[in-house]
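Visitor: Build me a structure from this.
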Amino acid sequence: MSAASRFLRAALLLAVVATAFAAAPGAAPAARQAVSKAPQGGKAKREAKLPPGAIEQLAGERGCLMGSGKGGRAAKAHCAPARALAGPGPFMGSRAIAVSPDGRNVYVASSKSDAIAIFDRRRRGGVLTQPAGKGGCVAAKGAEGCARAIGLDGPNSVALSPNGRYLYATSRAAGSVTAFRRDRRTGALSQLGPGMGCVSGLPVPGCATGRALVGPDVVVVSPDGENLYVGSFFGNAVASFKRERNGALVQLPETAGCVAEAIPGCAPAIALGAPEGLAISPDGSSVYAASALSNAVAELDRDPASGALAQPAGAAGCVANAPLGECAVGVQLAGANAVAASSAGRDLYVTSLFSDSVTSFSRSAAGLLTPKPATHACLVWLRAVGCSFGRALSAPEGLALSPRGSNVYVTSFASGAVDVLARERESGVVFQLPGKRGCVAARSLPGCTPGRALKGVSSIAVSPDGRSVYATAFGSNAVDVFRRSR
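Guide: Now for the predicted structure:
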């Protein structure tokens with residue numbers, strides 16, 4: 001691609017982001033919104049026509065929930081109205097939506113509402129409804145009738161503990177990670193008490209002081225539930241915490257509390273320029289950071305006893321798009337964004353914003369990453385040497401695997417599309433489903449299955465039962481609901 005073409009692409013992307021960020025929050029109905037209708041006849045026949053892993057947006061108001069704001073016109077888009085849903089899944093933050101381990105609730109970080117929206121999930125059909133009053137959201141200053149919370153200034157990512165009892169959220173503007181107790185019967189959230197419900201790198205009243213929390217962008221919890229890790233976009237760092245039995249967070253002491261490129265008191269690391277994605281291997285031995293400004297994936301070894309992170313020396317510690325220190329050199333990692341590991345831990349997948357790509361790695365038992373061979377190493381929009389063609393992959397942002405690992409789902413911010421990839425379980429190779437089932441997008445994007453309320457689609461999650469896929473759309477102020485064929 002020529003320099004002029006790259007400049008045009010960057011300008012177009014900036015225009016998309018500027019348009020999306022122009023949406024302003026506002027009030028929405030406080031009453032509980034029922035968004036389900038009885039399944040229509042012929043459901044089994046329709047399901048039989050879908051290839052395995054394909055997704056289909058639910059009809060009418062069941063297919064999307066929309067908050068208020070410039071992009072949020074629920075009636076026009078035939079979406080159900082929702083509260084605390086302005087700016088869900090911002091451009092910074094690739095894990096803005098999460099489904100509880102029991103599959104009963106969906107949680108969304110809404111950056112412009114300064115809130116976390118809460119939805120009940122109907123297991124049959126995957127339909128979402130928002131509880132009335134404080135049970136339907138938590139927000140700064142209790143806005144929109146939500147429960148009150150501190151430290152929620154521009155929330156961008158959420159994560160649940162493995163047992164589903166606690167939820168954690170990062171907030172970029174507050175420099176914070178906040179902790180909430182989840183009522184597993186109702187799904188409601190209540191912030192932990194003073195000194196326990198919030199840790200911040202800024203002087204936020206009611207929050208404990210944390211280190212290396214500079215523009216925190218993404219949060220993950222270890223599989224054993226013992227630790228929590230936060231990627232700090234502007235701090236070029238990963239902060240490490242111990243989870244107490246009551247859900248409270250305590251940052252690990254001294255250099256164990258963070259790894260960073262250049263923060264005094266943190267363990268040193270490279271290839272951590274603006275980490276925007278984090279993933280932990282299923283065995284808990286490795287943490288991977290997708291670093292947008294380093295154009296790289298950093299590998300960090302995790303001590304299961306203490307939770308501390310340390311970067312291996314040499315090429316084992318990172319893979320970069322171009323020579324960077326002693327990192328191994330990979331392909332199509334410009335603006336590395338979201339990262340996810342397969343359930344068996346043998347494969348790793350990365351979306352890269354400026355490469356318009358999904359890159360695939362094999363992972364060794366020791367955590368070492370090796371690009372997949374030949375054209376299986378990457379999918380790229382508009383093609384690239386050594387990669388397969390990926391349709392509608394313009395500015396890919398979010399990434400999620402199905403529970404059994406047969407599919408990978410990618411959200412593309414600029415094209416407003418959800419891309420559907422099939423995955424070979426043995427080799428870990430991914431390829432896009434053929435025809436219109438390979439992507440869901442607005443009708444204006446040819447070659448994809450038509451979808452609604454997908455402007456600025458960003459984060460994505462698959463339900464534990466594998467029956468539903470949910471995505472946030474920042475520009476539409478919406479959460480989109482899809483049925484997944486199994």
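Visitor: Give the residue spans of this structure that score low on pLDDT.
Guide: 1-48, 69-77, 93 (pLDDT under 70).
Visitor: Would you map the helices across it?
Guide: 3-21, 43-49, 74-77 (DSSP state H).
Visitor: List the contacts of Arg148.
Guide: Contact partners of Arg148, counting by C-beta atoms under 8 Å, 6 or more residues apart in numbering, are 138-142, 191. C-betas here are computed from N, CA, C, even on glycine.
Visitor: Could you identify the pair within these that is furthest apart?
Guide: Pairwise distances across those (C-beta to C-beta) peak at 12.8 Å, for the pair Lys141 and Gln191.
Visitor: For these two, indicate the residue with more neighbours.
Guide: Gln191 (21 against 12; other C-beta atoms under 10 Å).
Visitor: related to what we said a few turns ago, include distance to Ile150 when you put the contacts of Arg148 into TSV, please.
Guide: Formatted as TSV, these follow (distance: C-beta to C-beta, whole Å):
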residue	distance to Ile150
Val138	10
Ala139	11
Ala140	7
Lys141	9
Gly142	11
Gln191	7
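Visitor: Which members of the residues you listed are positioned in strands?
Guide: Taking DSSP state E, the ones among those that sit in strands are 138-140, 191.
Visitor: Could you turn the buried ones of these into a PyMOL selection?
Guide: Remark: buried members of the ones in strands among the contacts of Arg148, expressed as a PyMOL selection using 16 or more other C-beta atoms under 10 Å:
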select buried, resi 138+139+140+191
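Visitor: Let me know the closest of the ones in strands among the contacts of Arg148 to Val214.
Guide: Nearest to Val214 among the ones in strands among the contacts of Arg148, counting by C-beta to C-beta, is Ala140 at 20.0 Å.
Visitor: so that closest one bridges to which residues?
Guide: Per DSSP bridges, the residues bridged to Ala140 are Ala149.
Visitor: isn't it right up against Ala147?
Guide: No - if you go by C-beta atoms under 8 Å, Ala140 and Ala147 don't touch, sitting 10.8 Å apart.
Visitor: which residues touch the closest residue to Asn295 other than its chain neighbours?
Guide: Distances taken as C-beta to C-beta, 6 or more residues apart in numbering place Asn321 nearest to Asn295, at 3.8 Å, with adjacent residues excluded. Shown in contact with Asn321 (C-beta under 8 Å, 6+ apart): 295-296, 329-334, 336, 352, 355.
Visitor: Filter those down to the buried ones.
Guide: Using 16+ other C-beta under 10 Å as the burial test, those include 295-296, 330-334, 336, 352, 355 as buried.
Visitor: Which ones among these lie within strands?
Guide: Of the buried ones among the contacts of Asn321, the ones assigned to strands by DSSP E are 296, 336, 352.
Visitor: So in terms of bridging, what pairs with the nearest residue to the second one once chain neighbours are set aside?
Guide: So the one you mean is Ala336. Distances taken as C-beta to C-beta, 6+ apart place Ala290 nearest to Ala336, at 4.0 Å, with adjacent residues excluded. Ala290 has these beta-bridge partners by DSSP bridges: Gly277, Val297.
Visitor: Quick one: neighbours of Ala290, just the number.
Guide: Close neighbours of Ala290, defined as other C-beta under 10 Å, add up to 33.
Visitor: List the residues that contact it.
Guide: Applying C-beta under 8 Å, 6+ apart, the residues near Ala290 are 275-278, 296-297, 336-339, 350-352.
Visitor: Ranking by neighbours, what's the top pick from the residues you listed?
Guide: Highest neighbour count within the contacts of Ala290: Ala336, with 35 neighbours (other C-beta under 10 Å).
Visitor: if I read this right, that residue contacts Ala296, doesn't it?
Guide: Yes - judged on C-beta under 8 Å, Ala336 makes contact with Ala296 at a distance of 6.1 Å.
Visitor: And the contacts of Arg148, which is closest to Ala461?
Guide: Val138 (18.8 Å).
Visitor: Hmm, that closest one is touching Glu144, no?
Guide: No - contact criterion C-beta under 8 Å: Val138 and Glu144 do not qualify, at 10.4 Å.
Visitor: which neighbours do those two share?
Guide: Joint contacts of Val138 and Glu144 (C-beta under 8 Å, 6+ apart) are Ala115.
Visitor: just to revisit the earlier point, what would the ones in strands among the buried ones among the contacts of Asn321 look like in a markdown table with distance to Val99?
Guide: Output for those, formatted as a markdown table (distance: C-beta to C-beta, whole Å):
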| residue | distance to Val99 |
| --- | --- |
| Ala296 | 29 |
| Ala336 | 25 |
| Ser352 | 25 |
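Visitor: of all the residues you listed, which comes closest to Arg95?
Guide: Ala336 (14.6 Å).
Visitor: What distance do you get for that closest one to Leu433?
Guide: 24 Å (C-beta to C-beta, to the nearest Å).
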